[in-house]
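Undergrad: Sequence below, structure please.
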Amino acid sequence: MSDFSRLTDEILEYLWRKKPVEATFMGIHEYDHTLGRQDLSSHKEFLNTLKRYLEMLSAFEQNKELLGPDERMDCQVASNFLEAEIVFKEETERITRDASLYPQTVLHGLYILIMRDFAPLYERMEKLLQRLKEVPEVLIIGRDNLLQGSNIPRVWTEIAMEITVSGIEFLLKTLDPFIEETSLLKEELIKTRYAAVEAFSHYQRFLETELLPLSTGDFAVGKNLFELLLRKEHCLSYTSEELVSIGENIICQTKEVMNELSKTIDSSLSTEELITKLKEDHPQREELLLFYKKEMERAKEFVAENGLVSIPLGEEIRVLETPVFERSRIPYAAYIPPAPFEKDQKGIFWVTPVEEENLKSLRDHSRYKIVITALHEAYPGHHLQFVHANMIASKIRRHFSTPLFAEGWALYCEEMMFENGFYTDPRIRLLQLKGQLWRACRVVIDVRLQLKEMNPEEAVDMLVNTAKLEKLQAVAEVKRYTQTPTQPMSYIMGKQEILKLKDEMRKSKGNYFNIKDFHNELLSFGTIPLELIKERMCNT
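TA: Down below sits the predicted model:
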């Protein structure tokens, strides 16, 4: 093993040990028994260690000729992500400002143990019991950290309150069938769960009575940090002003195409009226899961039959109801990829149930839109892309990822599948373009929220009035945007970067260009910044 390989292995092992919940999601199970340390001294030690590792990686970067092509790529990826994480954590101080971090850590750490069957249920419930025992301490430490914080955004505290309330429901209801199946641990699990519920209740009262009145701060990261994240996490050289210009141009272009297409479908209705009409054609609430599943299977068959990209053997996607503690943040649906370090490559697609009293939400599950959502999330979108990424040899590039590639690929697939004839119904195309319009709005909102050029209410208005989202979805979207700078812009910007790369490869290969070969090579490097992939693909 080379010195560089030893260093990267050490970095990953350290990250997994310090972030045990993330390690479980990654498919590393040595730390399934703990939720990790969230106290301020541990946080400081963590950042100092990352800085030391960054210096060691810099030494290798200065002697790149000693590394092979894959090692140089790994070095660049690891360096960029460590630098971005260090600066982001130091400048945002989320550990003392974001109350949602603590209940989320707990709930994700528990849910992943019942969500994935990587080991017999009894073994997983033993680990869950150990994590349950740590819940009161995690929330107490969280409270202590937050009381030392300042500039706490109200929206983050409100998010934390929603998660905590739904977390109590998760502890009381979702865990029940798993506890019932584990008779030898049942009594201890029930007792420990009770203590966890008490801890959540205490934390909720703290949020309502103590932290919320103190939450008068600002979430915006500012221009300097925003553009640093663009450069380091995504390898994008755009300025924030250029991003806004790109987003606004795509909004205008997409509107024009939508209006022209709308006339061919029903000239008696405006585009907005037609979309409203199409939304009324949806499955019933009890049919949602099956409808999504069938559309995913249909998309998979089309990809295979038309030779668009290879489908690895053994992969699978399961369609399940969104867990209760995530429903406030995921009003409709979301995808959870398979673990990069597990042999079993099963992805999960969450669909948030529509309650009887909120049947209006079914309008965002239009039959025409589900066609697009299914290919975006499953085949050849997110699921297939992550399965390919999880097959690569590089552990660094299985661990680190950028939404620029992940989200950009899925949005690119919507257009690519249209071009290859997967859907020809203009009503489906219209809703696909509506989705593109929404993603273009995200670019503008992402920048302007984080640069304090737009407030959350204005962002919601833009999503409702321009992208035509339902108010419920728009509010949930904007809450998430406040916590994830540069993620909302990644859909459109990632798609643009993939299209540019495809054009370059098509020009360079001429008649030898093959779409399946292009896609397979593109997906062979991992979910890393597209600029790094471009350097390899265009220079071989």
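Undergrad: secondary structure class for Trp350?
TA: Following DSSP: H, G, I helix; E, B strand; the rest coil, the label given to Trp350 is strand.
Undergrad: and the spatially closest residue to it that is not a sequence neighbour, how many neighbours does it have?
TA: Counting by CB to CB, 6 or more residues apart in numbering, Thr322 is the residue found nearest to Trp350 once chain neighbours are left out, at 3.9 Å. From N, CA and C alone the C-beta is placed, and that goes for glycine too. Per other CB atoms under 10 Å, the neighbour tally for Thr322 reads 20.
Undergrad: And Lys516, how close does it get to Arg397?
TA: 22 Å (CB to CB, to the nearest Å).
Undergrad: Show me which of these two is the more surrounded one.
TA: Neighbour count, other CB under 10 Å: between Lys516 and Arg397, Arg397 has more, with 21 against 13.
Undergrad: pLDDT value on the more buried one, please?
TA: Looking at Arg397, its pLDDT reads 97.
Undergrad: From Cys75, how far out is it?
TA: Taken as CB to CB, the span from Arg397 to Cys75 is 11 Å.
Undergrad: and if you look at Glu233?
TA: On the measure of CB to CB, Glu233 and Cys75 end up 16 Å apart.
Undergrad: list the contacts for Ala474?
TA: By CB atoms under 8 Å, 6 or more residues apart in numbering, the contact list for Ala474 reads 459-460, 463-464, 467.
Undergrad: which stretches of the stretch 101-250 of the chain have low pLDDT?
TA: Counting by pLDDT under 70, the stretch 101-250 of the chain contains no low-confidence segment.
Undergrad: Do a quick rundown of the helices in it.
TA: Listed in chain order, the helices found in the stretch 101-250 of the chain under DSSP state H, counting those that start in this stretch are 101-115, 121-147, 154-169, 176-180, 186-206, 212-214, 223-233, 240-265.
Undergrad: Not counting the fourth one itself, show me its contacts.
TA: In other words, helix 176-180. With contacts defined as CB under 8 Å, 6+ apart, helix 176-180 is touched by 114, 121, 125, 128, 185-186, 189-190, 193.
Undergrad: now that helix, how far from the centre of its chain.
TA: Relative to its chain's centre, helix 176-180 lies at 29 Å (CA atoms, centre = their mean, to the nearest Å).
Undergrad: Let me see the confidence value for Leu359.
TA: pLDDT for Leu359: 69.
Undergrad: Leu530 and Leu523, how far apart?
TA: Separation of Leu530 from Leu523 (CB to CB): 12 Å.
Undergrad: thinking Glu342 is in contact with Phe25, fair?
TA: No: applying CB atoms under 8 Å as the test, Glu342 and Phe25 come out as separate, 10.0 Å apart.
Undergrad: between the two, which one's more packed in?
TA: Using other CB under 10 Å, the more surrounded residue of Glu342 and Phe25 is Phe25, with 20 against 15.
Undergrad: what does the helix or strand the more buried one falls within contact?
TA: Element membership for Phe25, per DSSP states H and E: helix 20-26. For helix 20-26, the external contacting residues (CB under 8 Å, 6+ apart) are 15-17, 29-36, 105, 108-109, 112-113, 339-341, 398-399.
Undergrad: Can you tell me which of those residues are buried?
TA: Buried subset of these (neighbour count, 16 or more other CB atoms under 10 Å): 15-16, 29, 31-36, 105, 108-109, 112-113, 339-341, 398-399.
Undergrad: burial count for Pro177?
TA: 9.
Undergrad: From Arg285, how far off is it?
TA: Counting by CB to CB, the gap from Pro177 to Arg285 is 22 Å.
Undergrad: Show me the chain divided up by domain.
TA: The chain breaks down by automatic domain parsing into domains covering 3-224, 234-248+279-433+483-496.
Undergrad: So which of the ones you listed is the most surrounded?
TA: Counting by mean count of other CB atoms under 10 Å, domain 234-248+279-433+483-496 has the highest mean neighbour count of these, with a mean of 20.
Undergrad: And it, how far out from the chain middle?
TA: Domain 234-248+279-433+483-496 sits 10 Å away from the centroid of its parent chain (CA atoms, centre = their mean).
Undergrad: end to end, how far does it reach?
TA: From its first residue to its last, domain 234-248+279-433+483-496 covers 13 Å (CA to CA, to the nearest Å).
Undergrad: give the contact list for Ser262.
TA: 269-271, 274, 430.
Undergrad: hmm, try it at 7 Å
TA: Counting by CB atoms under 7 Å, 6 or more residues apart in numbering, Ser262 touches 271, 274, 430.
Undergrad: for the helix or strand harbouring the last one, packing partners?
TA: By that I understand Leu430. Per DSSP H and E: Leu430 is located in helix 426-450. In terms of contacts (3 or more CB pairs under 7 Å, 6 or more residues apart in numbering; DSSP states H and E), helix 426-450 is packed against helix 240-265, helix 271-279, helix 367-377, helix 403-419, helix 456-465, helix 471-483, helix 490-509.
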